[in-house]
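Asker: how would this look folded up:
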Amino acid sequence: MAQVHPSGRTVRRRRVGGPARALLAMLLTALVVGGAVPYVSGSGRAYLSYLVLAEGEDAAGAARAGAESRAAGGQVVQEYPQIGAALVYATGPFADRVRARPGIAAVGATRTAPVVAPPRAVAGAGDFSAGTGAGPAAGTGRSGDVLPRGGDRADSGTATVPDPGEAGAWNLAMVGGAGVRAGDASAVSGGAPPAAGAVRGGGSAPAGGAVPGADVLHKVLVAVLDSGVDDTHPDLRAAVDPKASASCADGRPDARTGAWRPDPGVVESGHGTHVAGIVGATRDGHGVTGVAPGVRIAAVRLLGPLGQYYAENVVCGMLWAADHGARAINNSYFADPWKYNCPEDRDQAALTAAVGRAVGYARRKGAVVVASAGNDGQDLGAGRTDDRSPNDRVSGPAPVRHLGTECVRLPGELPGVVTVTSVNRDGHPAGYSNYGRGRVSLAAPGGDPDGGPQGAIVSDWPDGRYAALAGTSMAAAHVTGAVAVVAALRPELGADGLAGVLAGAAAPGCPAGVFGCGERQYFGAGLLALPR
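Answerer: The predicted model follows:
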């Protein structure tokens with residue numbers, strides 16, 4: 001996941017650097033400022049983390065993966081009985097040893113930079129059952145903050161903006177959202193407000209009343225798998241469900257109170273709060289309104305203290321969300337350390353299989369898995385280059401990889417995932433957005449990084465603030481909110497049915513010329529529109 005800011009800068013996660021001898025000091029710092037994943041107790045040996053997949057995709061398979069891993073000298077940190085897999089830390093030639101064990105389908109290292117020890121035991125971590133943490137205390141968080149023009153600087157140089165007072169939501173007008181104030185629909189094209197139900201390009205979208213009331217939406221749970229969500233923000237205080245929220249920042253579900261909140265010591269920690277606001281911020285006359293105001297949000301923190309979304313974090317989060325009844329699971333990131341995972345590499349093939357099993361499990365449980373297409377301006381249906389992987393290396397530049405279409409971005413290019421591209425305020429595809437015929441599902445508002453607050457997407461930011469960001473991350477969040485709307489109206493539908501309704505409702509009117517809908521490479525089924 002790369003986050004595109006209004007400055008036009010694409011912000012990368014903070015990567016570790018310097019000589020390898022600095023690794024221990026970096027990990028100690030992460031313990032102090034992050035607190036969630038203490039990797040520093042132990043022998044000081046160099047451990048890698050592995051996902052071990054058994055042939056059986058069930059609890060017996062997970063037990064087999066764990067037993068064979070122990071026999072090969074590994075330390076099992078977490079078993080995933082839902083998909084027949086285990087998270088294991090080990091040293092030396094562990095992977096080759098366990099691949100030779102009976103009943104093992106695949107083994108893959110999930111990181112390339114070693115750590116000095118596995119994560120230590122934490123009371124309550126590892127349990128996929130319902131969380132028991134209490135919600136935030138009443139009155140926590142700031143409300144109604146109006147910052148000076150230009151705002152503060154926070155989180156990777158992100159500029160915060162004044163409370164928008166639920167005005168100027170061009171993105172909601174574009175998709176037919178109910179949280180649009182009178183006159184805001186003109187923001188879609190910058191001209192006069194269109195006739196009721198009209199969308200730029202000649203398509204149609206529902207009037208604002210298409211979104212059900214908050215009491216109906218509150219029956220629906222969606223999950224935001226991201227950097228964490230600040231549930232003390234006034235727009236999100238009533239939305240985040242603490243019993244369905246957790247941290248998976250080290251591959252184990254941790255449902256202790258507040259574990260799902262962002263870690264301010266990690267770059268991009270505000271990203272998940274911004275995404276959650278687009279999905280379901282409360283409609284109360286302040287701040288912003290989400291696509292599905294009133295929906296319950298399972299906040300699942302994936303981003304660890306080293307600034308990575310490792311595959312085990314993704315697997316843990318996907319399974320947690322599915323087991324807690326999420327009808328949509330938002331994924332506005334790509335799985336580290338490989339930007340694209342190739343089947344000819346045994347490690348990368350195992351990561352693809354593990355995340356694929358988790359996605360399949362979530363879909364069978366009734367969840368629509370939504371993912372951002374990515375912010376690299378690449379055609380996912382053609383050969384491409386990758387000059388960022390592995391992005392957890394401790395020194396030196398990344399090699400340039402020339403890849404074919406068999407190499408995939410996780411989880412966005414997995415079968416069954418609703419992959420979302422980004423359009424600007426004028427309805428044209430954003431220049432940064434990945435695309436690809438047969439590789440993307442829908443287009444949605446993502447904004448222009450050079451357009452300032454009027455051209456980007458304004459949403460929530462930690463500590464009661466607001467920020468204007470642009471990217472396919474923001475576009476995906478609109479689709480997740482739309483899934484919640486459909487699920488509230490049609491609770492009997494499964495994952496394919498919910499996704500099918502959105503595909504059928506997608507506005508057929510797209511810009512003329514090279515960016516039109518004819519090839520479907522930029523829009524998939526079309527521009528997101530809430531169904532009537």
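Asker: what's R384 sitting at in phi/psi?
Answerer: The phi and psi values for R384, taken as degrees, to the nearest 10, are phi -150, psi 170.
Asker: got any ranges where the protein has weak pLDDT?
Answerer: Screening the chain residue by residue with the criterion pLDDT under 70, one finds the ranges 1-44, 130-157, 178-210, 508-519.
Asker: where along it do the helices fall?
Answerer: All helices of the chain, identified by DSSP state H, fall at 23-33, 59-71, 94-99, 170-175, 214-217, 271-280, 311-323, 346-364, 452-455, 472-489, 495-505.
Asker: can I get those helices in CSV including distance to P81?
Answerer: Bear in mind the C-beta positions are built from the backbone N, C-alpha and C, glycine included. Compiled in CSV, those are given as follows (distance: least, Cβ to Cβ, whole Å):
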stretch, distance to P81
helix 23-33, 29
helix 59-71, 4
helix 94-99, 18
helix 170-175, 38
helix 214-217, 32
helix 271-280, 27
helix 311-323, 9
helix 346-364, 11
helix 452-455, 46
helix 472-489, 26
helix 495-505, 21
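Asker: what number of residues lie near G285?
Answerer: Using other Cβ atoms under 10 Å, the number of residues around G285 comes to 9.
Asker: distance check, P93 against Y50.
Answerer: Taken as Cβ to Cβ, to the nearest Å, the spacing of P93 relative to Y50 amounts to 12 Å.
Asker: of these two, which one has the most company?
Answerer: Regarding P93 and Y50, a neighbour count based on other Cβ under 10 Å identifies Y50 as having more, with 29 against 10.
Asker: that one contacts G92, correct?
Answerer: No - in this structure Y50 lies outside contact range of G92 using Cβ atoms under 8 Å: 11.9 Å.
Asker: ok, back up a step: can I get the helices of the chain in a markdown table including mean neighbour count and distance to A259?
Answerer: Shown next, in a markdown table, are these (neighbours: other Cβ atoms under 10 Å; distance: least, Cβ to Cβ, whole Å):
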| stretch | mean neighbour count | distance to A259 |
| --- | --- | --- |
| helix 23-33 | 16 | 16 |
| helix 59-71 | 20 | 23 |
| helix 94-99 | 18 | 29 |
| helix 170-175 | 28 | 30 |
| helix 214-217 | 17 | 25 |
| helix 271-280 | 32 | 13 |
| helix 311-323 | 28 | 11 |
| helix 346-364 | 22 | 20 |
| helix 452-455 | 17 | 32 |
| helix 472-489 | 30 | 22 |
| helix 495-505 | 19 | 27 |
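Asker: common neighbours of Y50 and G92, please.
Answerer: Among the neighbours of Y50, none is also in contact with G92 (Cβ atoms under 8 Å, 6 or more residues apart in numbering).
Asker: report the buried residues of stretch 419-438.
Answerer: 419-430, 432-436 (16 or more other Cβ atoms under 10 Å).
Asker: please enumerate the strands of the stretch 251-400 of the chain.
Answerer: Taking DSSP state E, counting those that start in this stretch as the criterion, the stretch 251-400 of the chain contains strands spanning 296-301, 328-331, 368-372, 384-386.
Asker: got a markdown table for the ones you listed, with distance to G213 and mean neighbour count too?
Answerer: Below are these laid out as a markdown table (distance: least, Cβ to Cβ, whole Å; neighbours: other Cβ atoms under 10 Å):
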| stretch | distance to G213 | mean neighbour count |
| --- | --- | --- |
| strand 296-301 | 14 | 28 |
| strand 328-331 | 19 | 33 |
| strand 368-372 | 22 | 32 |
| strand 384-386 | 44 | 18 |
